[in-house]
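[1] Got a predicted structure here, sequence first:
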Amino acid sequence: MDAARYVIQTIERPVTGFITSASVDNTFAGATLTVTIPSLVHIGDFMVLAVNSLQSSASNPTDPSGWTFLDTVTGTGSTFNTRLRVWTRVAISGDVGGSTTVSTSTVHGGQFALLAYRGFSTVNTHNIQNSGNVNVITAPAVTTSATSTIVISVFGRSGGSDAILTPPPTTRINISSASSGDLSDMAISEFSQPTAATTTAQTCSSSNFGSSAGMTIALH
């Protein structure tokens with residue numbers, strides 16, 4: 001049976017903004033990753049689902065049923081490259097307490113995370129970046145066309161050695177391989193963007209070089 005680590009993060013529910021998150025880190029090759037939707041999620045909340053995996057081929061993780069695919073980005077520069085893939089969904093009746101699953105062709109584990117937001121209903125804009133073989137991962141700038149957006153930065157890394165990630169504030173997810181030995185890592189952070197403008201690219205440092213990729217998602 002696959003070994004996995006489950007983490008659920010919650011805060012007191014605000015009227016709008018971040019509600020809760022859940023994540024799983026699987027250390028086995030060919031992993032099937034399953035994350036449970038936390039009980040704090042309500043009908044109408046906007047959910048973001050992200051997977052990072054260490055890939056040996058061009059194959060992508062399977063698309064979870066009922067989720068809308070947003071984008072994928074592959075980091076290059078390593079024998080096995082990291083791949084980020086993101087989906088979104090508005091929560092409906094029956095989602096709460098349920099689960100969602102993706103299957104990967106990963107050669108050495110992967111990370112799977114879900115974040116839920118209240119008061120947001122769509123992706124205003126997004127952008128991706130292949131950072132290459134680096135120890136500083138970049139989630140690129142975006143130009144928002146609406147006020148009061150939340151900008152989410154997703155960072156993925158894979159390499160021949162374990163690492164510790166140091167993402168920017170506010171950190172929602174940080175799964176570093178130094179604690180699991182699966183050679184791949186993912187971190188997710190966010191900040192508020194009050195006006196329609198071009199944001200500043202966000203960076204996440206890593207204690208080791210590796211194939212790296214970033215994605216930026218602005219919610220409205």
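    Noted; the coordinates are in hand.

[2] Look up the closest residue to His126, ignoring the ones flanking it.
    Ile217 (4.6 Å; CB to CB, 6 or more residues apart in numbering). In this view, the C-beta of every residue, glycine as well, is placed from N, C-alpha and C.

[3] okay but that neighbour is in contact with Val154, surely?
    Yes - the criterion here is CB atoms under 8 Å, and Ile217 meets it with Val154 at 7.1 Å.

[4] so what sits against both of those two?
    Val86 (CB atoms under 8 Å, 6 or more residues apart in numbering).

[5] so what's the residue nearest to the spatial centre of the chain bridging to?
    Closest to where the C-alpha atoms of the chain average out (CA atoms, centre = their mean) is Ala50, at 3.7 Å. Counting by DSSP bridges, Ala50 forms beta bridges with Val86, Ala113.

[6] where's it relative to Gly160, distance?
    The gap separating Ala50 from Gly160 is 23 Å, by CB to CB, to the nearest Å.

[7] roughly how far is stretch 60-78 from the heart of the chain?
    Distance of stretch 60-78 from the chain centroid (CA atoms, centre = their mean, to the nearest Å) equals 10 Å.

[8] all strands for this structure, in order.
    Remark: strands assigned in the chain by DSSP state E are 4-10, 17-26, 32-36, 46-55, 68-74, 81-90, 99-103, 110-118, 123-139, 149-158, 165-166, 171-175, 184-193, 202-219.
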